[in-house]
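Asks: Fold the following for me, if possible:
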Amino acid sequence: MEAIKKNISGRSIVKICFVSCLFALLSIETASAQAPYLAKGNQELNVFGGLSYGLDHWRGSYGGNYAYAFNKVVMAYGEYSYFPGVARNSSETFPNSPITLPEQISLRFNDVHAGVHIRLPIFPEKRIVPYVAAGMGWLRSDVSGSVYVNNVPYPLELAKHNGLAINGGGGLRLYLSGDGRFGLRLEAKAYKPVSGPTTASFGKVSLGIFYQFK
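Replies: Numbers count the residues shown, from 1 in each chain. Below you'll find the predicted structure:
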């Protein structure tokens, strides 16, 4: 009798999960049918500004991107971002440096990468679409700072470094118009350089305005 109860309970859980998944898929299908901004072939131009976080300092950042929707869920995109100064411990970044560096140095990053946005249209009536993002691309860093000689600071410029970086995060699209032409995008991402002067992670939070067309 106990085994039968467990079996019934297990079947019930499977049925509930199946019905829930089916309902979610139908909701997404209905949302895409009602919302033109979730259609296949949507193209989006976005410019953004925000804050980047390095070691213990928040700095500005800005950039732009272009996205194309392969279907109602998957959007491919290309992006450029500029980070004016991400703080790093010099001893970790250049452990074998032949010169004495300050405790912290500032790295200016130029980032060009491509990736995907996975749209999650679960609030169609509110014109809010959450998404998750992942990408990989080229990261160029310029290292700047000051070297102190007899307590006098001298500007420091080291060679530029190129390397790969991966990133991931997510955000929200808020469509301001019913046709989805204009909207706002809030996004948070973490970056992980694979090579270059530093492999320590850094992140950014940005707010952008976009225009979508087909």
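Asks: In this structure, what residue spans correspond to helices?
Replies: For the chain, helices defined by DSSP state H occupy the ranges 2-34, 90-93.
Asks: Lowest average confidence across the ones you listed, which one?
Replies: Among these, helix 2-34 carries the lowest mean pLDDT, at a mean of 46.
Asks: Now Gly63: closest residue in space, sequence neighbours ignored.
Replies: Distances taken as Cβ to Cβ, 6 or more residues apart in numbering place Ser81 nearest to Gly63, at 3.7 Å, with adjacent residues excluded. Every C-beta, even on glycine, is put in place using the N, C-alpha and C of the backbone.
Asks: and what of Leu174?
Replies: Leu184 is the one closest to Leu174 (Cβ to Cβ, 6+ apart), at 4.7 Å.
Asks: can you pull the contacts of that neighbour?
Replies: For Leu184, the contact set (Cβ atoms under 8 Å, 6 or more residues apart in numbering) comprises Arg173, Leu174, Leu176, Leu207, Gly208, Ile209, Phe210.
Asks: likewise Gly60?
Replies: Gly49, Gly50, Leu51, Ser52, Pro84.
Asks: you'd agree the last one is up against Trp58?
Replies: To tie it back to what came earlier, the one meant is Pro84. No: Pro84 lies out of contact with Trp58 (Cβ atoms under 8 Å); the separation is 11.3 Å.
Asks: which residues touch Lys189?
Replies: Ala133, Asn167, Gly168, Gly169, Gly203, Lys204, Ser206 are the contacts of Lys189 under Cβ under 8 Å, 6+ apart.
Asks: Mind doing that once more with 6 Å?
Replies: Under the criterion of Cβ atoms under 6 Å, 6 or more residues apart in numbering, the contact list for Lys189 reads Asn167, Gly169, Lys204.
Asks: Closest to Phe109 out of these?
Replies: Distance to Phe109 across those (Cβ to Cβ) is lowest for Lys204, with 9.9 Å.
Asks: partners of the closest residue to that closest one other than its chain neighbours in the sheet?
Replies: Nearest residue to Lys204 in three dimensions, chain neighbours excluded: Ser52, at 4.3 Å (Cβ to Cβ, 6+ apart). Here Ser52 sits in beta bridges with Arg59, Lys204, going by DSSP bridges.
Asks: rewinding a little: and the residue nearest to Leu174, how far from Phe210?
Replies: 8 Å (Cβ to Cβ, to the nearest Å).
Asks: before we move on, the earlier item: now the contacts of Gly60 as TSV including distance to Val112?
Replies: Converted to TSV, the contacts of Gly60 look like this (distance: Cβ to Cβ, whole Å):
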residue	distance to Val112
Gly49	18
Gly50	17
Leu51	20
Ser52	16
Pro84	16
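Asks: bridging residues for Val86?
Replies: Counting by DSSP bridges, the residues bridging with Val86 are Leu107.
Asks: Give me the neighbour count for it.
Replies: Neighbours of Val86 under the rule other Cβ atoms under 10 Å: 24.
Asks: do Phe70 as well
Replies: The local packing of Phe70 (other Cβ under 10 Å) involves 12 other residues.
Asks: Alright, that wraps it up for me.
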